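S.K.: Sequence isn't available, so here's the structure alone:
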Ligand SMILES: C[C@@H]1O[C@H](OP(=O)(O)OP(=O)(O)OC[C@H]2O[C@@H](n3ccc(=O)[nH]c3=O)[C@H](O)[C@@H]2O)[C@H](O)[C@H](O)[C@H]1O
(Lines give C-alpha, C1' and ligand atoms only; values in the text may rest on other atoms or scores of the structure.)
Protein backbone atom coordinates (compact mmCIF):
# COMPACT_ATOMS: atom_id res chain seq x y z
CA UNK A 1 0.00 0.00 0.00
CA UNK A 2 1.37 3.43 -0.96
CA UNK A 3 1.95 6.20 1.55
CA UNK A 4 -1.58 7.62 1.83
CA UNK A 5 -0.24 11.10 2.59
CA UNK A 6 1.54 11.26 -0.74
CA UNK A 7 -0.89 11.29 -3.67
CA UNK A 8 2.02 10.51 -5.98
CA UNK A 9 2.25 7.08 -4.37
CA UNK A 10 -1.47 6.35 -4.47
CA UNK A 11 -2.59 3.67 -6.90
CA UNK A 12 -6.30 3.16 -7.59
CA UNK A 13 -8.28 0.77 -9.78
CA UNK A 14 -11.51 1.78 -11.55
CA UNK A 15 -14.11 -0.86 -12.50
CA UNK A 16 -17.46 0.85 -13.31
CA UNK A 17 -20.55 -0.66 -14.90
CA UNK A 18 -20.00 -1.29 -18.61
CA UNK A 19 -22.08 1.61 -19.97
CA UNK A 20 -20.70 4.86 -21.38
CA UNK A 21 -22.92 6.75 -18.91
CA UNK A 22 -20.64 5.18 -16.22
CA UNK A 23 -17.31 4.74 -18.04
CA UNK A 24 -17.12 8.43 -19.07
CA UNK A 25 -17.67 9.92 -15.56
CA UNK A 26 -15.17 7.38 -14.09
CA UNK A 27 -12.60 8.60 -16.62
CA UNK A 28 -13.35 12.22 -15.62
CA UNK A 29 -12.59 11.25 -11.99
CA UNK A 30 -9.45 9.40 -13.16
CA UNK A 31 -8.23 12.57 -14.93
CA UNK A 32 -8.74 14.67 -11.78
CA UNK A 33 -6.89 12.12 -9.61
CA UNK A 34 -4.05 11.75 -12.15
CA UNK A 35 -3.77 15.57 -12.25
CA UNK A 36 -2.57 15.19 -8.65
CA UNK A 37 -0.16 12.38 -9.44
CA UNK A 38 -2.40 9.44 -8.53
CA UNK A 39 -1.78 6.32 -10.64
CA UNK A 40 -4.99 4.84 -12.13
CA UNK A 41 -5.52 1.33 -13.54
CA UNK A 42 -8.82 1.38 -15.45
CA UNK A 43 -10.50 -1.98 -16.16
CA UNK A 44 -12.99 -1.93 -19.04
CA UNK A 45 -14.22 -3.90 -22.07
CA UNK A 46 -11.69 -3.75 -24.93
CA UNK A 47 -14.14 -2.10 -27.37
CA UNK A 48 -14.82 0.70 -24.87
CA UNK A 49 -11.17 1.75 -24.73
CA UNK A 50 -11.33 3.04 -28.31
CA UNK A 51 -14.07 5.47 -27.23
CA UNK A 52 -12.28 6.59 -24.04
CA UNK A 53 -8.68 6.90 -25.28
CA UNK A 54 -9.18 10.42 -26.70
CA UNK A 55 -10.38 11.72 -23.30
CA UNK A 56 -7.49 10.24 -21.30
CA UNK A 57 -5.52 13.38 -20.39
CA UNK A 58 -2.73 11.54 -18.52
CA UNK A 59 -1.92 8.36 -20.48
CA UNK A 60 1.35 8.01 -18.53
CA UNK A 61 -0.65 7.72 -15.27
CA UNK A 62 -4.00 6.29 -16.44
CA UNK A 63 -3.57 2.85 -17.97
CA UNK A 64 -6.40 0.80 -19.51
CA UNK A 65 -6.63 -2.95 -18.85
CA UNK A 66 -8.99 -4.99 -21.07
CA UNK A 67 -11.68 -7.16 -19.53
CA UNK A 68 -13.26 -9.82 -21.73
CA UNK A 69 -17.06 -9.83 -21.33
CA UNK A 70 -17.96 -13.55 -21.61
CA UNK A 71 -20.86 -14.65 -23.78
CA UNK A 72 -23.92 -15.91 -21.89
CA UNK A 73 -27.20 -17.27 -23.27
CA UNK A 74 -29.48 -14.44 -24.35
CA UNK A 75 -26.71 -11.88 -24.84
CA UNK A 76 -26.24 -10.61 -28.43
CA UNK A 77 -22.95 -12.07 -29.76
CA UNK A 78 -19.97 -9.78 -29.07
CA UNK A 79 -21.96 -7.48 -26.76
CA UNK A 80 -19.56 -5.70 -24.39
CA UNK A 81 -21.42 -2.58 -23.17
CA UNK A 82 -24.95 -1.38 -22.45
CA UNK A 83 -25.00 0.29 -25.87
CA UNK A 84 -24.69 -3.13 -27.54
CA UNK A 85 -27.77 -4.53 -25.78
CA UNK A 86 -31.49 -3.65 -26.08
CA UNK A 87 -33.07 -2.70 -22.74
CA UNK A 88 -35.02 -5.97 -22.40
CA UNK A 89 -31.78 -8.01 -22.56
CA UNK A 90 -29.68 -5.96 -20.09
CA UNK A 91 -30.18 -8.57 -17.36
CA UNK A 92 -28.02 -10.93 -19.48
CA UNK A 93 -25.30 -8.26 -19.57
CA UNK A 94 -25.40 -8.20 -15.76
CA UNK A 95 -25.00 -12.00 -15.81
CA UNK A 96 -21.98 -11.73 -18.15
CA UNK A 97 -20.52 -8.90 -16.02
CA UNK A 98 -20.80 -11.12 -12.94
CA UNK A 99 -18.63 -13.70 -14.72
CA UNK A 100 -15.74 -11.21 -15.05
CA UNK A 101 -14.92 -11.74 -11.35
CA UNK A 102 -11.96 -14.15 -11.95
CA UNK A 103 -10.32 -11.71 -14.42
CA UNK A 104 -10.79 -8.81 -11.99
CA UNK A 105 -9.43 -10.87 -9.08
CA UNK A 106 -6.35 -11.72 -11.13
CA UNK A 107 -5.81 -8.06 -12.07
CA UNK A 108 -6.14 -6.96 -8.41
CA UNK A 109 -3.66 -9.63 -7.28
CA UNK A 110 -1.12 -8.31 -9.81
CA UNK A 111 -1.83 -4.57 -9.51
CA UNK A 112 -2.09 -4.44 -5.66
CA UNK A 113 -3.96 -1.09 -5.56
CA UNK A 114 -4.60 1.01 -2.46
CA UNK A 115 -8.22 1.66 -3.47
CA UNK A 116 -10.80 0.23 -5.88
CA UNK A 117 -13.71 2.35 -7.21
CA UNK A 118 -16.77 0.44 -8.41
CA UNK A 119 -20.55 0.80 -8.64
CA UNK A 120 -21.87 -2.57 -9.84
CA UNK A 121 -19.30 -5.30 -9.04
CA UNK A 122 -20.71 -6.03 -5.57
CA UNK A 123 -18.10 -8.83 -5.05
CA UNK A 124 -15.05 -6.50 -5.20
CA UNK A 125 -14.84 -5.61 -1.45
CA UNK A 126 -14.79 -9.31 -0.47
CA UNK A 127 -11.72 -9.87 -2.70
CA UNK A 128 -9.70 -7.77 -0.25
CA UNK A 129 -10.89 -9.37 2.98
CA UNK A 130 -8.20 -11.09 5.03
CA UNK A 131 -5.38 -10.00 2.72
CA UNK A 132 -2.25 -8.26 4.05
CA UNK A 133 -1.94 -6.41 0.73
CA UNK A 134 -5.66 -5.72 0.66
CA UNK A 135 -7.35 -2.55 -0.64
CA UNK A 136 -10.20 -0.28 0.42
CA UNK A 137 -13.30 -0.30 -1.77
CA UNK A 138 -15.38 2.79 -2.61
CA UNK A 139 -18.81 2.57 -4.22
CA UNK A 140 -18.70 5.65 -6.50
CA UNK A 141 -22.24 6.52 -7.62
CA UNK A 142 -22.54 8.56 -10.82
CA UNK A 143 -26.30 8.16 -11.33
CA UNK A 144 -28.95 10.33 -9.67
CA UNK A 145 -28.43 10.08 -5.87
CA UNK A 146 -32.18 10.54 -5.40
CA UNK A 147 -32.79 7.20 -7.16
CA UNK A 148 -30.58 5.38 -4.64
CA UNK A 149 -32.12 7.23 -1.69
CA UNK A 150 -35.70 6.62 -2.89
CA UNK A 151 -35.54 2.97 -4.04
CA UNK A 152 -32.42 1.34 -2.62
CA UNK A 153 -31.89 2.10 1.08
CA UNK A 154 -32.46 -0.39 3.94
CA UNK A 155 -35.42 1.67 5.23
CA UNK A 156 -37.21 1.03 1.93
CA UNK A 157 -38.55 -2.34 3.04
CA UNK A 158 -40.02 -3.20 -0.33
CA UNK A 159 -42.15 -6.30 -0.01
CA UNK A 160 -40.73 -9.12 -2.02
CA UNK A 161 -44.22 -9.77 -3.42
CA UNK A 162 -44.39 -7.21 -6.17
CA UNK A 163 -48.07 -6.29 -5.76
CA UNK A 164 -47.42 -5.00 -2.20
CA UNK A 165 -44.49 -3.00 -3.53
CA UNK A 166 -46.54 -0.75 -5.81
CA UNK A 167 -48.27 0.94 -2.86
CA UNK A 168 -44.96 1.21 -0.98
CA UNK A 169 -43.15 2.59 -4.02
CA UNK A 170 -45.39 5.63 -4.52
CA UNK A 171 -44.06 7.31 -1.39
CA UNK A 172 -40.45 7.84 -0.24
CA UNK A 173 -38.99 5.62 2.54
CA UNK A 174 -38.89 6.78 6.20
CA UNK A 175 -36.37 9.56 6.82
CA UNK A 176 -36.13 10.49 3.13
CA UNK A 177 -34.98 14.19 3.02
CA UNK A 178 -37.50 15.34 0.38
CA UNK A 179 -40.78 13.88 1.67
CA UNK A 180 -42.92 15.69 -0.95
CA UNK A 181 -41.40 13.66 -3.79
CA UNK A 182 -43.88 11.09 -5.13
CA UNK A 183 -44.22 8.61 -7.98
CA UNK A 184 -47.50 8.50 -9.90
CA UNK A 185 -49.31 5.17 -9.51
CA UNK A 186 -48.73 4.14 -13.13
CA UNK A 187 -45.02 4.92 -12.67
CA UNK A 188 -44.77 2.80 -9.51
CA UNK A 189 -46.58 -0.04 -11.32
CA UNK A 190 -44.09 0.05 -14.21
CA UNK A 191 -41.01 0.43 -11.97
CA UNK A 192 -41.58 -2.51 -9.64
CA UNK A 193 -40.78 -5.01 -12.40
CA UNK A 194 -37.27 -3.73 -13.32
CA UNK A 195 -36.43 -3.34 -9.61
CA UNK A 196 -37.13 -7.05 -9.06
CA UNK A 197 -35.94 -8.32 -12.45
CA UNK A 198 -33.35 -11.10 -12.29
CA UNK A 199 -29.77 -9.99 -12.99
CA UNK A 200 -27.74 -13.20 -13.00
CA UNK A 201 -28.40 -14.89 -9.66
CA UNK A 202 -29.77 -11.79 -7.87
CA UNK A 203 -32.67 -9.41 -8.39
CA UNK A 204 -31.59 -5.91 -9.43
CA UNK A 205 -32.78 -4.68 -6.00
CA UNK A 206 -30.60 -7.16 -4.07
CA UNK A 207 -27.66 -6.61 -6.43
CA UNK A 208 -27.74 -2.81 -6.09
CA UNK A 209 -28.21 -2.74 -2.29
CA UNK A 210 -25.34 -5.24 -1.89
CA UNK A 211 -22.97 -2.86 -3.74
CA UNK A 212 -23.58 -0.33 -0.91
CA UNK A 213 -23.65 -2.79 2.01
CA UNK A 214 -20.27 -4.31 1.06
CA UNK A 215 -18.35 -1.06 0.41
CA UNK A 216 -15.84 0.48 2.86
CA UNK A 217 -17.10 3.94 1.83
CA UNK A 218 -19.54 5.60 -0.56
CA UNK A 219 -18.91 8.58 -2.85
CA UNK A 220 -21.10 10.59 -5.22
CA UNK A 221 -20.57 12.67 -8.35
CA UNK A 222 -22.21 15.80 -6.98
CA UNK A 223 -21.96 18.88 -4.78
CA UNK A 224 -23.27 19.20 -1.24
CA UNK A 225 -25.17 22.31 -2.39
CA UNK A 226 -27.20 20.14 -4.78
CA UNK A 227 -27.50 16.59 -3.46
CA UNK A 228 -26.01 16.94 0.06
CA UNK A 229 -29.07 15.85 2.11
CA UNK A 230 -29.72 12.86 -0.18
CA UNK A 231 -26.09 11.66 -0.02
CA UNK A 232 -26.02 12.10 3.78
CA UNK A 233 -29.24 10.05 4.00
CA UNK A 234 -27.75 7.19 1.96
CA UNK A 235 -24.53 7.23 4.03
CA UNK A 236 -26.54 7.14 7.28
CA UNK A 237 -28.74 4.33 5.97
CA UNK A 238 -25.69 2.18 5.14
CA UNK A 239 -23.52 3.50 8.02
CA UNK A 240 -20.66 4.33 5.66
CA UNK A 241 -18.21 7.24 5.39
CA UNK A 242 -19.36 9.47 2.51
CA UNK A 243 -17.51 11.83 0.20
CA UNK A 244 -18.39 14.05 -2.78
CA UNK A 245 -16.23 14.58 -5.88
CA UNK A 246 -18.39 17.24 -7.55
CA UNK A 247 -19.77 16.60 -11.06
CA UNK A 248 -16.30 16.96 -12.71
CA UNK A 249 -17.82 18.10 -15.97
CA UNK A 250 -15.54 18.35 -18.98
CA UNK A 251 -15.47 21.74 -20.67
CA UNK A 252 -17.02 21.78 -24.17
CA UNK A 253 -14.20 21.41 -26.72
CA UNK A 254 -13.62 24.56 -28.82
CA UNK A 255 -15.72 24.76 -31.98
CA UNK A 256 -12.68 24.43 -34.22
CA UNK A 257 -11.95 21.03 -32.70
CA UNK A 258 -15.23 19.61 -34.06
CA UNK A 259 -14.69 16.43 -35.98
CA UNK A 260 -15.44 16.74 -39.70
CA UNK A 261 -18.57 14.62 -39.21
CA UNK A 262 -19.87 17.12 -36.63
CA UNK A 263 -19.23 20.48 -38.31
CA UNK A 264 -22.63 20.38 -40.11
CA UNK A 265 -24.39 20.80 -36.73
CA UNK A 266 -22.54 24.00 -35.88
CA UNK A 267 -23.17 25.55 -39.31
CA UNK A 268 -26.86 24.51 -39.12
CA UNK A 269 -27.23 26.16 -35.69
CA UNK A 270 -25.49 29.32 -36.94
CA UNK A 271 -28.52 29.99 -39.18
CA UNK A 272 -30.81 30.74 -36.22
CA UNK A 273 -31.07 33.68 -33.80
CA UNK A 274 -29.74 33.42 -30.25
CA UNK A 275 -31.68 31.18 -27.89
CA UNK A 276 -34.28 30.17 -30.47
CA UNK A 277 -33.48 26.49 -31.19
CA UNK A 278 -34.98 23.59 -29.23
CA UNK A 279 -32.47 20.67 -29.00
CA UNK A 280 -33.65 17.17 -28.03
CA UNK A 281 -31.28 14.30 -27.10
CA UNK A 282 -31.95 11.05 -25.19
CA UNK A 283 -28.40 9.86 -24.48
CA UNK A 284 -26.50 6.88 -25.82
CA UNK A 285 -28.86 4.06 -24.87
CA UNK A 286 -32.49 5.13 -25.30
CA UNK A 287 -34.60 3.77 -28.17
CA UNK A 288 -38.34 4.38 -28.47
CA UNK A 289 -41.18 2.77 -30.46
CA UNK A 290 -42.13 4.21 -33.85
CA UNK A 291 -45.45 5.66 -32.66
CA UNK A 292 -43.70 7.33 -29.70
CA UNK A 293 -41.04 8.71 -32.06
CA UNK A 294 -43.72 10.17 -34.37
CA UNK A 295 -45.64 11.76 -31.47
CA UNK A 296 -42.37 13.33 -30.29
CA UNK A 297 -41.34 14.88 -33.63
CA UNK A 298 -44.93 16.10 -34.27
CA UNK A 299 -44.72 17.80 -30.86
CA UNK A 300 -41.64 19.74 -31.97
CA UNK A 301 -43.38 20.68 -35.24
CA UNK A 302 -46.33 21.93 -33.19
CA UNK A 303 -44.10 24.34 -31.21
CA UNK A 304 -43.53 26.37 -34.39
CA UNK A 305 -39.91 26.82 -33.24
CA UNK A 306 -36.63 25.71 -34.88
CA UNK A 307 -35.66 22.28 -33.51
CA UNK A 308 -32.95 19.65 -33.71
CA UNK A 309 -33.76 16.11 -32.56
CA UNK A 310 -30.80 13.68 -32.19
CA UNK A 311 -31.87 10.12 -31.38
CA UNK A 312 -31.45 6.54 -32.51
CA UNK A 313 -33.94 5.19 -35.10
CA UNK A 314 -37.02 3.77 -33.33
CA UNK A 315 -37.49 0.02 -32.83
CA UNK A 316 -37.96 -1.74 -36.15
CA UNK A 317 -36.58 1.11 -38.28
CA UNK A 318 -33.13 1.25 -39.88
CA UNK A 319 -33.12 5.05 -40.18
CA UNK A 320 -34.96 7.98 -38.62
CA UNK A 321 -35.97 9.15 -42.12
CA UNK A 322 -38.11 6.07 -42.72
CA UNK A 323 -39.85 6.62 -39.35
CA UNK A 324 -40.88 10.27 -39.95
CA UNK A 325 -44.63 10.98 -40.33
CA UNK A 326 -46.13 11.59 -43.82
CA UNK A 327 -45.20 15.04 -45.22
CA UNK A 328 -43.24 15.94 -42.06
CA UNK A 329 -39.93 16.73 -43.77
CA UNK A 330 -41.59 19.08 -46.29
CA UNK A 331 -43.52 20.90 -43.55
CA UNK A 332 -40.50 21.55 -41.36
CA UNK A 333 -37.99 22.16 -44.16
CA UNK A 334 -35.43 24.79 -43.11
CA UNK A 335 -36.70 24.88 -39.47
CA UNK A 336 -36.52 21.35 -38.15
CA UNK A 337 -33.89 18.58 -38.24
CA UNK A 338 -34.16 14.97 -37.02
CA UNK A 339 -30.78 13.15 -36.97
CA UNK A 340 -30.21 9.46 -36.21
CA UNK A 341 -26.51 9.52 -35.35
CA UNK A 342 -24.08 10.82 -32.69
CA UNK A 343 -23.92 14.62 -32.29
CA UNK A 344 -21.48 16.85 -30.31
CA UNK A 345 -24.00 17.42 -27.51
CA UNK A 346 -21.73 19.52 -25.29
CA UNK A 347 -21.06 21.92 -28.18
CA UNK A 348 -24.74 22.10 -29.15
CA UNK A 349 -25.68 23.00 -25.57
CA UNK A 350 -23.00 25.70 -25.45
CA UNK A 351 -24.00 27.16 -28.86
CA UNK A 352 -25.66 30.62 -28.57
CA UNK A 353 -28.56 29.60 -30.89
CA UNK A 354 -29.64 26.75 -28.57
CA UNK A 355 -32.29 27.97 -26.13
CA UNK A 356 -33.92 24.79 -24.83
CA UNK A 357 -32.71 21.24 -24.05
CA UNK A 358 -35.29 18.45 -24.02
CA UNK A 359 -33.70 15.32 -22.51
CA UNK A 360 -34.40 12.00 -20.74
CA UNK A 361 -32.71 13.39 -17.61
CA UNK A 362 -29.85 10.90 -17.87
CA UNK A 363 -27.03 11.44 -15.38
CA UNK A 364 -24.82 13.16 -17.98
CA UNK A 365 -27.66 15.11 -19.58
CA UNK A 366 -28.72 16.46 -16.19
CA UNK A 367 -25.30 17.93 -15.38
CA UNK A 368 -24.81 19.21 -18.93
CA UNK A 369 -28.18 20.97 -18.92
CA UNK A 370 -27.40 22.63 -15.56
CA UNK A 371 -24.00 23.78 -16.89
CA UNK A 372 -25.66 25.34 -19.98
CA UNK A 373 -27.84 28.45 -20.48
CA UNK A 374 -30.65 26.38 -21.98
CA UNK A 375 -34.14 26.13 -20.55
CA UNK A 376 -34.76 22.54 -19.44
CA UNK A 377 -37.62 20.19 -20.41
CA UNK A 378 -37.56 16.56 -19.22
CA UNK A 379 -39.03 13.33 -20.60
CA UNK A 380 -37.62 10.59 -18.30
CA UNK A 381 -37.75 6.91 -19.28
CA UNK A 382 -36.30 4.78 -16.46
CA UNK A 383 -37.10 4.62 -12.75
CA UNK A 384 -33.82 6.43 -12.05
CA UNK A 385 -34.39 9.20 -14.61
CA UNK A 386 -37.97 9.74 -13.40
CA UNK A 387 -36.79 10.54 -9.88
CA UNK A 388 -33.94 12.64 -11.28
CA UNK A 389 -36.55 14.63 -13.22
CA UNK A 390 -38.81 14.98 -10.14
CA UNK A 391 -35.82 16.35 -8.22
CA UNK A 392 -34.97 18.89 -10.96
CA UNK A 393 -38.62 20.07 -11.10
CA UNK A 394 -39.69 20.01 -7.45
CA UNK A 395 -36.49 20.50 -5.46
CA UNK A 396 -34.16 22.49 -7.73
CA UNK A 397 -37.09 24.20 -9.57
CA UNK A 398 -35.05 24.51 -12.78
CA UNK A 399 -37.06 22.38 -15.20
CA UNK A 400 -40.48 21.39 -16.50
CA UNK A 401 -41.42 17.72 -16.93
CA UNK A 402 -43.66 16.79 -19.87
CA UNK A 403 -46.93 15.30 -18.58
CA UNK A 404 -47.16 11.58 -19.40
CA UNK A 405 -50.34 9.63 -19.94
CA UNK A 406 -51.02 6.27 -18.25
CA UNK A 407 -49.24 4.78 -21.27
CA UNK A 408 -46.06 6.30 -19.81
CA UNK A 409 -45.61 8.34 -22.97
CA UNK A 410 -46.15 11.99 -23.94
CA UNK A 411 -48.58 13.51 -26.45
CA UNK A 412 -47.51 16.02 -29.11
CA UNK A 413 -49.69 18.59 -27.37
CA UNK A 414 -48.17 18.02 -23.90
CA UNK A 415 -44.65 18.27 -25.36
CA UNK A 416 -45.45 21.46 -27.29
CA UNK A 417 -47.08 23.00 -24.19
CA UNK A 418 -44.05 22.27 -22.00
CA UNK A 419 -41.60 23.76 -24.52
CA UNK A 420 -43.77 26.88 -25.01
CA UNK A 421 -43.95 27.46 -21.23
CA UNK A 422 -40.17 27.44 -20.75
CA UNK A 423 -39.52 29.40 -23.98
CA UNK A 424 -42.02 32.15 -23.08
CA UNK A 425 -39.42 34.81 -22.33
CA UNK A 426 -41.82 37.11 -20.53
CA UNK A 427 -43.57 34.32 -18.63
CA UNK A 428 -43.42 34.00 -14.82
CA UNK A 429 -42.61 30.26 -14.92
CA UNK A 430 -39.83 30.68 -17.51
CA UNK A 431 -38.39 33.56 -15.46
CA UNK A 432 -38.30 31.58 -12.21
CA UNK A 433 -36.69 28.57 -13.89
CA UNK A 434 -34.05 30.81 -15.45
CA UNK A 435 -33.20 32.51 -12.13
CA UNK A 436 -32.87 29.23 -10.24
CA UNK A 437 -30.87 27.68 -13.08
CA UNK A 438 -28.47 30.65 -13.23
CA UNK A 439 -27.52 30.16 -9.55
CA UNK A 440 -26.65 26.50 -10.12
CA UNK A 441 -24.77 27.28 -13.33
CA UNK A 442 -22.63 29.78 -11.39
CA UNK A 443 -21.80 27.04 -8.85
CA UNK A 444 -20.92 24.57 -11.61
CA UNK A 445 -18.78 27.15 -13.41
CA UNK A 446 -16.60 27.85 -10.37
CA UNK A 447 -13.15 26.32 -10.92
CA UNK A 448 -12.24 27.00 -7.27
CA UNK A 449 -15.24 25.03 -6.06
CA UNK A 450 -14.32 22.11 -8.32
CA UNK A 451 -10.72 22.05 -7.11
CA UNK A 452 -11.73 22.34 -3.45
CA UNK A 453 -14.06 19.36 -3.77
CA UNK A 454 -11.37 17.21 -5.40
CA UNK A 455 -8.81 18.18 -2.72
CA UNK A 456 -11.32 17.29 0.00
CA UNK A 457 -12.15 14.04 -1.76
CA UNK A 458 -8.49 12.99 -1.82
CA UNK A 459 -8.14 13.96 1.83
CA UNK A 460 -11.15 11.71 2.61
CA UNK A 461 -9.49 8.85 0.71
CA UNK A 462 -6.33 9.30 2.76
CA UNK A 463 -8.38 9.17 5.98
CA UNK A 464 -10.09 6.01 4.70
CA UNK A 465 -6.73 4.37 3.98
CA UNK A 466 -5.57 5.02 7.53
CA UNK A 467 -8.75 3.53 9.01
CA UNK A 468 -9.03 -0.18 9.82
C1 LIG B 1 -26.16 4.58 -16.13
C2 LIG B 1 -27.16 5.14 -17.08
O3 LIG B 1 -26.47 5.87 -18.09
C4 LIG B 1 -27.34 6.46 -19.02
O5 LIG B 1 -26.53 7.12 -19.93
P6 LIG B 1 -27.13 7.77 -21.28
O7 LIG B 1 -26.13 7.59 -22.35
O8 LIG B 1 -28.52 7.28 -21.50
O9 LIG B 1 -27.32 9.33 -20.93
P10 LIG B 1 -26.32 10.37 -20.28
O11 LIG B 1 -26.04 10.02 -18.86
O12 LIG B 1 -26.93 11.68 -20.56
O13 LIG B 1 -24.92 10.22 -21.05
C14 LIG B 1 -24.85 10.43 -22.44
C15 LIG B 1 -23.54 11.13 -22.72
O16 LIG B 1 -23.25 11.01 -24.09
C17 LIG B 1 -23.19 12.30 -24.71
N18 LIG B 1 -23.84 12.20 -26.03
C19 LIG B 1 -24.95 11.41 -26.19
C20 LIG B 1 -25.53 11.31 -27.44
C21 LIG B 1 -24.95 12.01 -28.54
O22 LIG B 1 -25.41 11.96 -29.70
N23 LIG B 1 -23.86 12.79 -28.32
C24 LIG B 1 -23.29 12.89 -27.08
O25 LIG B 1 -22.30 13.61 -26.92
C26 LIG B 1 -23.91 13.25 -23.79
O27 LIG B 1 -23.35 14.56 -23.90
C28 LIG B 1 -23.65 12.62 -22.41
O29 LIG B 1 -22.41 13.08 -21.91
C30 LIG B 1 -28.25 7.46 -18.30
O31 LIG B 1 -27.43 8.42 -17.63
C32 LIG B 1 -29.02 6.73 -17.24
O33 LIG B 1 -29.81 7.65 -16.50
C34 LIG B 1 -28.06 6.03 -16.29
O35 LIG B 1 -28.78 5.25 -15.35
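M.R.: Looks like it came in fine. Computed from a prediction, not measured in an experiment: that's the story for all the values here. Numbers count the residues shown, from 1 in each chain.
S.K.: Please tell me I have it right and residue 357 contacts residue 370.
M.R.: No. Between residue 357 and residue 370 there is no contact, the gap being 10.0 Å when judged by CB atoms under 8 Å. (Glycine included, C-beta is placed from N, CA and C.)
S.K.: Spell out which residues are contacts of both of these two.
M.R.: In terms of CB atoms under 8 Å, 6 or more residues apart in numbering, residue 357 and residue 370 are both contacted by the residues residue 376.
S.K.: Between these two, which has more neighbouring residues?
M.R.: residue 357 (24 against 21; other CB atoms under 10 Å).
S.K.: name the element the more buried one belongs to?
M.R.: Per DSSP states H and E, residue 357 falls inside strand 354-359.
S.K.: So is the following helix or strand past that strand next to the ligand?
M.R.: Remark: after strand 354-359, the chain's next helix or strand is helix 363-370, criterion DSSP H and E. Yes. Under the criterion of CB under 6 Å from any ligand atom, the ligand is reached by helix 363-370 at 363-365, 368.
S.K.: and of the residues you listed, the nearest to residue 54?
M.R.: residue 364 (16.6 Å; CB to CB).
S.K.: Quick check: closest non-adjacent residue to the closest one.
M.R.: residue 21 (6.0 Å; CB to CB, 6 or more residues apart in numbering).
S.K.: give me the number of residues near the residue in the stretch 201-350 of the chain positioned nearest to the ligand?
M.R.: Here the stretch 201-350 of the chain gets closest to the ligand at one residue, residue 283, 2.6 Å apart by CB to the nearest ligand atom. Look at residue 283: counted by other CB under 10 Å, it has 22 neighbours.
S.K.: ok, now residue 276?
M.R.: Quick note: residue 276 (other CB under 10 Å) scores 16 neighbours.
S.K.: check contacts around it.
M.R.: Residue 276 neighbours (CB under 8 Å, 6+ apart): 305-306, 353, 355.
S.K.: Let's see that with 6 Å instead.
M.R.: 306, 355 (CB atoms under 6 Å, 6 or more residues apart in numbering).
S.K.: same question, residue 71
M.R.: Counting by CB under 6 Å, 6+ apart, there are no residues that residue 71 touches.
S.K.: Poorly predicted segments of the stretch 151-300 of the chain, please.
M.R.: Per-residue confidence for the stretch 151-300 of the chain (pLDDT under 70) gives these ranges: 159-163, 252-261.
S.K.: And the strands in it?
M.R.: Using DSSP state E, counting those that start in this stretch, the strands of the stretch 151-300 of the chain run over 198-199, 202-203, 217-220, 242-244, 277-281.
S.K.: neighbours around the residue nearest to residue 364, how many?
M.R.: Residue 21: 20 neighbours (other CB under 10 Å).
S.K.: what does residue 10 give?
M.R.: Residue 10, neighbours per other CB under 10 Å, totals 24.
S.K.: That one: what's its closest spatial neighbour, skipping adjacent residues?
M.R.: residue 38 is the one closest to residue 10 (CB to CB, 6+ apart), at 4.6 Å.
S.K.: Ok, residue 416 next?
M.R.: Closest to residue 416 by CB to CB, 6+ apart is residue 302, at 3.9 Å.
S.K.: Does residue 22 touch residue 28 like I think?
M.R.: No. Assessed by CB atoms under 6 Å, residue 22 is found out of contact with residue 28, at 11.1 Å.
S.K.: if we can go back for a sec, next one: the helix or strand encompassing the residue nearest to residue 364 to chain centre, how far?
M.R.: Counting by DSSP H and E, the element that carries residue 21 is helix 20-34. Put simply, helix 20-34 sits 12 Å off its chain's centre (CA atoms, centre = their mean, to the nearest Å).
S.K.: Do me a favour and average the pLDDT over the one helix or strand residue 13 maps to.
M.R.: Using DSSP H and E, residue 13 maps to strand 11-15. For strand 11-15, the mean per-residue pLDDT is 98.
S.K.: What strands line up against that strand, and which way round?
M.R.: Counting by DSSP bridges, the strands paired with strand 11-15 are strand 39-45 (parallel), strand 115-118 (parallel).
S.K.: How many residues are close by the closest residue to residue 136 other than its chain neighbours?
M.R.: Of all residues beyond its chain neighbours, the one nearest residue 136 is residue 216 (4.6 Å), with distances taken as CB to CB, 6+ apart. Neighbour count of residue 216, defined by other CB under 10 Å: 18.
S.K.: Same question for residue 330.
M.R.: By other CB under 10 Å, neighbour count at residue 330 equals 7.
S.K.: Likewise for residue 105?
M.R.: 14.
S.K.: re the thing from before, hang on, the residue nearest to residue 10 packs against residue 11?
M.R.: No. Contact criterion CB under 6 Å: residue 38 and residue 11 do not qualify, at 7.4 Å.
S.K.: Run the chain-centre distance for stretch 342-359.
M.R.: 17 Å.
S.K.: Repeat that for stretch 229-247.
M.R.: 18 Å.
S.K.: Endpoint to endpoint, that stretch covers what distance?
M.R.: 16 Å (CA to CA, to the nearest Å).
S.K.: what does it rub up against?
M.R.: Under CB under 6 Å, 6+ apart, the answer for stretch 229-247 is 29, 145-146, 148-149, 153-154, 177, 212, 217-224, 367, 450, 453, 457, 460.
S.K.: From those residues, which land in helices?
M.R.: With DSSP state H as the criterion, helices contain 29, 145-146, 148-149, 212, 224, 367, 450, 453, 457, 460 from among the contacts of stretch 229-247.
S.K.: between the strands of the stretch 151-300 of the chain, which gets nearest to residue 465?
M.R.: Of the strands of the stretch 151-300 of the chain, the one closest to residue 465 (CB to CB) turns out to be strand 217-220, at 10.3 Å.
S.K.: Neighbouring strands - and their directions - for that closest one?
M.R.: Assessed with DSSP bridges, strand 217-220 is paired to strand 136-141 (parallel), strand 242-244 (parallel).
S.K.: want to throw those into JSON lines with mean neighbour count and distance to residue 344?
M.R.: Shown next, in JSON lines, are the strands paired with strand 217-220 (neighbours: other CB atoms under 10 Å; distance: least, CB to CB, whole Å):
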{"stretch": "strand 136-141", "mean neighbour count": "24", "distance to residue 344": "27"}
{"stretch": "strand 242-244", "mean neighbour count": "20", "distance to residue 344": "29"}
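S.K.: which bits of the stretch 351-468 of the chain sit near the ligand?
M.R.: So the stretch 351-468 of the chain meets the ligand at 362-365, 368, 384-385 (CB under 6 Å from any ligand atom).
S.K.: Show me which of these is closest to residue 339.
M.R.: residue 365 (16.5 Å).
S.K.: you'd agree the closest one is up against residue 359?
M.R.: Yes. Using CB under 6 Å, residue 365 is in contact with residue 359, at 4.0 Å.
S.K.: Understood, closing this out.
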